[in-house]
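Chemist: Give the three-dimensional model of this entry:
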Amino acid sequence: MARKVVEVRTLKVGNYVMIDNAPCKIVSYTTSKPGKHGSAKARAEAMGIFDNQRRTFILPVDSKIEVPVVERKSGQLLATMGKMIQIMDLGDYSTFEMEIPDLKGLEDGVEIEYTEFEGMRLADRVKKS
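Modeler: Residues are numbered from 1 along each chain as shown. Now for the predicted structure:
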């Protein structure tokens, strides 16, 4: 499984976190001071990596939360087929298809960077050569 568990206090802006069973990237993170009857709380807002939905959580800083192990990979665009593109991973030379991302400079043969988590993939940018 491509997830690990960490304490909420170790999170910061830019980290990945699982919220509602979806991998998200933290865009804001604040903590409150401990009160008279409770522990310090952390409040984080995050954007879904694959669906761009805004999600939030409020948890005690000493509680545990799942963090996805998101991989950044490189691939080469082999072909464009209608609304899909075919990409060859430059690490293991496997090929896969994904929907055409909204990126500038997409043409056959270019190298792209993509994010992968548990079989879900998202093309992030076209590499400049």
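
Chemist: Where do the helices of this protein begin and end?
Modeler: With DSSP state H, there are no helices along the chain.

Chemist: Spatially central residue in it, please.
Modeler: Nearest to the mean C-alpha position of the chain, by C-alpha atoms, centre = their mean, lies residue 49 at 4.1 Å.

Chemist: For that one, list the residues it contacts.
Modeler: By C-beta atoms under 8 Å, 6 or more residues apart in numbering, residue 49 lies in contact with 16, 22, 23, 24, 25, 70, 115, 117, 122. The way it works is simple: take the backbone N, C-alpha and C, and place the C-beta from them, glycine included.

Chemist: The worst-scoring helix or strand of the chain on mean pLDDT pairs with which strands, parallel or anti?
Modeler: Every helix and strand of the chain was ranked by mean pLDDT, DSSP states H and E. The lowest is strand 120-126, at a mean of 88. Strand 120-126 has the following strand partners under DSSP bridges: strand 111-117 (antiparallel).

Chemist: hang on, residue 25 packs against residue 47?
Modeler: Yes: contact between residue 25 and residue 47 holds when scored by C-beta atoms under 8 Å: they sit 5.7 Å apart.

Chemist: quick one on the thing from earlier: which among the contacts of residue 49 gets closest to residue 37?
Modeler: residue 24 (30.1 Å; C-beta to C-beta).
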